[in-house]
Every structure is written in C-alpha cells, then in structure tokens.
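**Student:** sequence and predicted structure below; questions after.
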Amino acid sequence: MRQVTRLLAAGLLLAGLSLPAAAATPERVQVTGEVIDTWCYITDIMFGEGSTHHQCALWCAVGGIPVGVLGDDGEVYMVLKVGDDTTNVANPAILEIQTHRVSVDGDLYERDGIKYLLIDQVVNDEGIVNVNHDDFGIQPFGE
Ligand SMILES: [Cu+2]
C-alpha cells in the first residue's frame, strides 16, 4: 500500500511537472520581417539592423548568438529552429537568410513575455532590403 501511495505521489508530481508544457500550446503563425542578430539589436551597438549589420550578424549567428525576426508588427520573435534541422545554434539555414526580409511559417510559443518561433518554412525571401550601409558603413569596420 505504501508503494502504491509512492507511485501515486510520483504520478501526481509528473503530472504537475507536465502542466506548463501543456499550457504552452503553439499558435500557427506567419511572420514577416527582418532577420536580426538579437544581441546587437537589443544592445543597440553597431546599428543592429540592415546591410550595415549583415557581416556582424553572420558572425554573431555562427558564434551562437540567438537569431530573431523583427516583425512588421514591431515584435521580436526568437528563432529556435528552422525546418527539420536538428541544429539550433549556428544553423547554416539561418545564415542563408540573415538580415534578409522574409516571411516564415511556423509555430509560435509565448512564455513570460518572450515570443519563440519554430520556423517550418521560409515562404518568401526578399534578400536584404534594409540597405543602410551608405549611412553607417559596414559594421564592425565602420567607414
Ligand atoms: Cu552583430
């Protein structure tokens, strides 16, 4: 009987632990915006966006800095996954679209104010359209 009680307690504990996961049901979304290097974007260094920042954004992504999509809605979506890739850090698929204006389909998870995006498919890739290097030079080299 004592063993049954322990099993029941363990089961309740596991059920309790699984509650947050059940609460995080993804929403199917399409997001359009610029792929950004979140570190430089949030710290506001090296301009953080556009063609000015492309070189730095590649290096940051290769180095494992999280990549995001700055949506047209002004929200930043942190990209955790692209397609079927099992690599979620320094993913070559991300490097292909870094700094590009894209539309992506994927699953959106929101927790504690952060939007996480698991991209299924890049449905439109316009390339780099935020051409601002004439104003700031290519960072981190500058003019
Ligand atoms: Cu950067």
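**Tutor:** Yep, that arrived.
**Student:** okay, CA-based contacts and neighbour counts for the rest of this
**Tutor:** Will do.
**Student:** near the ion, which residues of this protein show up?
**Tutor:** 40, 56-57 (CA under 5 Å from the ion).
**Student:** repeat that for 6 Å
**Tutor:** Residues of the chain lying close to the ion by CA under 6 Å from the ion are 37, 40, 48, 56-57, 60.
**Student:** make a ChimeraX selection of the buried ones in the residues you listed.
**Tutor:** Listed next is the ChimeraX selection for buried residues among the residues of the chain next to the ion, using 16 or more other CA atoms under 10 Å:
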select :37,40,48,56,57,60
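**Student:** what about the residues of the chain next to the ion, which are in helices?
**Tutor:** Among the residues of the chain next to the ion, the members found in helices (DSSP state H) are 40, 56-57, 60.
**Student:** next up, phi/psi of residue 32, please.
**Tutor:** phi -120, psi 130 (degrees, to the nearest 10).
**Student:** and the residue nearest to it when sequence neighbours are not counted, what does it touch?
**Tutor:** Closest residue to residue 32 apart from its sequence neighbours, by CA to CA, 6 or more residues apart in numbering: residue 103 at 4.2 Å. Contacts for residue 103 (CA atoms under 8 Å, 6 or more residues apart in numbering) come out as 30-33, 122-125.
**Student:** low-confidence ranges in the chain?
**Tutor:** Scanning the chain for pLDDT under 70 picks out the ranges 1-23, 142-143.
**Student:** any chance you could map the strands in it?
**Tutor:** Taking DSSP state E, the strands of the chain run over residues 27-37, 67-71, 76-82, 101-111, 114-125.
**Student:** among those strands, which is nearest residue 135?
**Tutor:** Within these, the stretch nearest residue 135 is strand 27-37; the backing value is 18.4 Å (CA to CA).
**Student:** tell me the strands beside that closest one, with direction?
**Tutor:** strand 67-71 (antiparallel), strand 101-111 (antiparallel) (DSSP bridges).
**Student:** deepest of the ones you listed, which one?
**Tutor:** Most buried of those, by mean neighbour count (mean count of other CA atoms under 10 Å): strand 67-71, with a mean of 25.
**Student:** got a list of contacts for that strand?
**Tutor:** Residues outside strand 67-71 that contact it (CA under 8 Å, 6+ apart) are 31-38, 61, 76-79, 94.
**Student:** can you give me how far it is from the chain middle?
**Tutor:** 6 Å (CA atoms, centre = their mean, to the nearest Å).
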